[in-house]
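*Asks:* Sequence plus predicted model, see below.
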Amino acid sequence: MNKRPSQIFVFYVWEHRYPALLFLAFTGIFASVFSLYNLELEAVWYAAGLCLVLSVLVLLIHFSNYCKKHKNRKQLQKNIQLATEQLPPPQTLAEADYQEMILQLKRTSDTALTEWETKYQESIDYYTTWVHQIKTPISVMRMILQTEDTAEYRELSDELFRIEQYVEMVLSYLRLGSQSSDFVFREYSLDHIIRQAVHKYAPQFVRKRIRLSYTPTDATVLTDEKWLLFIIEQLLSNAIKYTPSGTVTITVTDEQVLNIADTGIGIAPEDIPRIFEKGFTGYNGRADKKSTGLGLYLCSQAAYKLSYKLHVTSDVGTGSVFSIDLHRNHVNTMP
């Protein structure tokens, strides 16, 4: 926070209070001694006045330099990670000590950061390998379950589909939290991306006998196909999960706002402000007993990185509408 000149002056006076008090003490001593010996005090006050005028001139110059140093330090703070190696030469022993402490903290921080990045990358590599390895037995089980069409097999197939979702969510969670970016932006057909999500969840629509309403769109969007598809899939998954019966409607407005509406149980008004928080399940999630509270959180994080706005409106017992504003007026970067 930038300080006003008056605030800087207060700091300056406080830092130099001891020399000022010492000057007043010397003047008082001289005045007392001259008074005890019945000498003329005019000489003391005259000398003190001249010293005061000279001190004021020197202090004005010194205060100007003091302000300049403060300004330079504020500039260094804006890029402190690089500026630690370009600190100005210390002019006092205290400054030298403080700079040495800063450099030591920087070295410690760099070492800790390097260790953390190494461990984090090892974790990413492990879970990425795990996700790809676990897909093999999942695919085998799916092939086995497709050999017969019974109620029991269909139930097992649905649970296997849920496992696949959780596996993909693990990988998405790690990728979104990574410092590196795997986003690739291109012009894509929005209809093509939506159809991929619809095709994936088609068996769920059929099993729960939920009607899907979607009119194809010819809109194109500048996006990362994988992450936009992830958002749409998560929103469709939630719509199916919390819609016992009825309709899920997908629409795209002329302003390129993608809406996914359902006629489900809706969201409690007190839960709406928090549904995109990490781990928050709300009343519906607690009632469902299977909600992780990660799906919508990951959607919000992916939307932020894509520079999309994610919005929801809902009425309990009527349904919910999740909207993705696909305009990209600016590019966001995660802190």
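*Replies:* Looks like it came in fine. Residues are numbered from 1 along each chain as shown.
*Asks:* element containing residue 226?
*Replies:* helix 225-241 (DSSP states H and E).
*Asks:* nope, residue 260 is what I was after
*Replies:* Applying DSSP H and E, one finds residue 260 within strand 257-262.
*Asks:* check contacts around residue 280.
*Replies:* 271, 274, 293, 297 (C-beta atoms under 8 Å, 6 or more residues apart in numbering). Heads up, the C-betas are built off the backbone N, CA and C, glycines and all.
*Asks:* any idea which helix is longest in the chain?
*Replies:* Determined from DSSP state H, the single longest helix within the chain is helix 93-145.
*Asks:* Show me what the helix or strand following that one is packed up against.
*Replies:* Going down the chain from helix 93-145, the next helix or strand is helix 151-177, by DSSP H and E. Counting contacts by 3 or more C-beta pairs under 8 Å, 6 or more residues apart in numbering; DSSP states H and E, helix 151-177 packs against helix 93-145, helix 190-208, helix 225-241, helix 295-305.
*Asks:* go again using 6 Å as the cut-off
*Replies:* With contacts taken as 3 or more C-beta pairs under 6 Å, 6 or more residues apart in numbering; DSSP states H and E, helix 151-177 sits against helix 93-145.
*Asks:* could you check the angle helix 151-177 makes with the helix it packs on?
*Replies:* 160 degrees (axes from the mean of the first three to the mean of the last three C-alpha atoms, to 10 degrees).
*Asks:* quick one on the thing from earlier: a markdown table please, covering the contacts of residue 280 and showing neighbour count and secondary structure.
*Replies:* Listed next are those as a markdown table, based on neighbours: other C-beta atoms under 10 Å; DSSP: H, G, I helix; E, B strand; the rest coil:
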| residue | neighbour count | secondary structure |
| --- | --- | --- |
| 271 | 17 | coil |
| 274 | 12 | helix |
| 293 | 16 | coil |
| 297 | 19 | helix |
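*Asks:* Could you single out the nearest of those to residue 196?
*Replies:* Residue 196 has its nearest neighbour among those in residue 297, at 22.4 Å by C-beta to C-beta.
*Asks:* coming back round to it: output the contacts of residue 280 in TSV; the columns should cover pLDDT.
*Replies:* Formatted as TSV, the contacts of residue 280 follow (pLDDT from 0 to 100):
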residue	pLDDT
271	89
274	89
293	70
297	90
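*Asks:* So, low pLDDT: which residues of the protein?
*Replies:* 1-2, 39, 76-77, 79-86, 178-181, 282-292, 328-335 (pLDDT under 70).
*Asks:* Next one: the residue located most distally from the centre of the chain from residue 26, what distance?
*Replies:* Residue farthest from the centre of the chain, counting by C-alpha atoms, centre = their mean, is residue 38 at 75.1 Å. Relative to residue 26, residue 38 is positioned 21 Å away (C-beta to C-beta, to the nearest Å).
*Asks:* circling back: contacts for the helix holding residue 226?
*Replies:* For helix 225-241, contacts defined as C-beta atoms under 6 Å, 6 or more residues apart in numbering pick out 172, 188, 193, 196-197, 201, 204, 248, 260, 262, 295, 299, 302, 322.
*Asks:* same question, stretch 116-130
*Replies:* Counting by C-beta under 6 Å, 6+ apart, residue 174 sit against stretch 116-130.
*Asks:* Name the residues of it that are buried.
*Replies:* 124, 127 (16 or more other C-beta atoms under 10 Å).
*Asks:* repeat for stretch 306-319
*Replies:* 306, 307, 308, 310, 312, 314, 319.
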